[in-house]
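In: output the structure for:
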Amino acid sequence: MSGSKDDEGSSWTSRFLKVASAAAATVAVAGGIYAVLSSSSANSEHEAAFGEEQLYNKGGAALVAKWKKPEAGWVKLNVDGSQDLFKGPSAGCGGVVRDSSGKWVGGFAKKLGSSLKAHQTELQAILTGLQFASRMKLKKVVLESDHNSAVRMVENGVKPNHVDYDVVEQIKEKLFRFEGEVRLVVINTMANSVADRLANNARDPSFYSVYQEYVDPPINCVQYLQRDQMGCVSSF
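Out: All right, here's what the predicted structure looks like:
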């Protein structure tokens with residue numbers, strides 16, 4: 001997430017799965033299966049091997065500072081929101097889908113209203129990413145965001161009088177009706193460099209479209225894709 005992050009990295013755990021049993025501490029959803037996974041989950045995307053660069057959240061759980069390929073049969077959708085209060089101001093969001101080999105499947109960038117706060121750009125990134133995944137008819141999606149507060153808002157919901165109620169409800173509705181399975185995961189910012197670049201592209205003055213989808217990666221994303229493919233820790 002470009003810009004500030006509220007309460008980033010705090011420890012939390014919750015899972016939502018399409019099952020009938022309340023004994024499993026799960027919630028049934030009609031259209032698809034979705035899970036909100038903790039960064040401290042023993043089997044999460046963030047479990048680090050010895051020697052990997054790590055950052056830690058307040059609960060002491062390691063967040064690996066590099067992108068990881070999804071398991072076979074899944075795709076990974078990284079999303080990010082971006083704002084710049086000093087040069088513009090401007091805001092945008094972006095996302096990238098990659099398969100289990102790390103190959104680019106598709107991407108998007110969207111210009112947003114410049115008055116949005118950091119967490120609001122991330123909520124828009126999550127919503128736009130889900131819409132993108134639905135149009136692509138993806139079935140098994142790991143959706144990664146680097147904004148903990150935004151993901152927690154989706155997990156817990158907000159009150160009807162909350163300023164972000166409408167977009168949070170849209171995201172929950174998308175998850176509810178998704179024709180497949182979605183795992184929503186909080187990651188380290190350094191593992192989100194390609195989505196960050198796409199979001200930055202969207203708020204650039206030279207980005208004349210309101211919304212654009214990419215069959216092939218933009219040229220300024222290629223080096224970040226290559227670093228992720230090689231398992232390098234990104235720096236940007």
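In: quickly note the distance from the closest residue to Gly113 other than its chain neighbours to Glu173.
Out: Among residues not flanking Gly113 along the chain, Ala91 sits closest, at 6.4 Å (CB to CB, 6 or more residues apart in numbering). Quick note: C-beta positions are derived from backbone N, CA and C, even for glycine. Separation of Ala91 from Glu173 (CB to CB, to the nearest Å): 23 Å.
In: hang on, the earlier thing: quick one: the residue nearest to Gly113 is in a strand?
Out: Yes. Under DSSP: H, G, I helix; E, B strand; the rest coil, Ala91 falls within a strand.
In: pLDDT weak spots in the protein?
Out: For the chain, residues meeting the criterion pLDDT under 70 lie at 1-64, 233-236.
In: next, the contact list for the residue positioned nearest the centre of it, please.
Out: For the chain, Ser145 is the residue whose C-alpha lies nearest the centre (CA atoms, centre = their mean; 2.6 Å). Neighbour list for Ser145: Met1, Val79, Asp80, Glu122, Ala125, Ile126, Val151, Leu184, Val185, Val186, Ile187, Asn192 [criterion: CB atoms under 8 Å, 6 or more residues apart in numbering].
In: so which of those sit within helices?
Out: Residues of the contacts of Ser145 located in helices (DSSP state H): Glu122, Ala125, Ile126, Val151.
In: ok, back up a step: in the sheet, who's paired with the residue nearest to the centre of the chain?
Out: Beta bridges link Ser145 to Val186, judged by DSSP bridges.
In: ditto for Val97
Out: Assigned bridge partners for Val97, using DSSP bridges, are Leu77, Gly106.
In: any idea how many residues pack against it?
Out: 23 (other CB atoms under 10 Å).
In: check Asn78 too.
Out: By the criterion of other CB under 10 Å, Asn78 has 28 neighbours.
In: same thing with Gly113?
Out: Using other CB under 10 Å, Gly113 has 13 neighbouring residues.
In: same check, this time on Ser134
Out: When neighbours are defined as other CB under 10 Å, Ser134 has 16 of them.
In: and it, what does it touch?
Out: Neighbours of Ser134 in contact, by CB under 8 Å, 6+ apart: Lys174, Phe178, Glu179.
In: now, of those, which are buried?
Out: Buried subset of the contacts of Ser134 (neighbour count, 16 or more other CB atoms under 10 Å): Lys174, Phe178.
In: next step: the contacts of Ser134 restricted to strands.
Out: Using DSSP state E, no member of the contacts of Ser134 sits in strands.
In: inside helices: which ones of the contacts of Ser134?
Out: Lys174.
In: kindly reformat the contacts of Ser134 as JSON lines containing distance to Arg203.
Out: Converted to JSON lines, the contacts of Ser134 look like this (distance: CB to CB, whole Å):
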{"residue": "Lys174", "distance to Arg203": "23"}
{"residue": "Phe178", "distance to Arg203": "28"}
{"residue": "Glu179", "distance to Arg203": "31"}
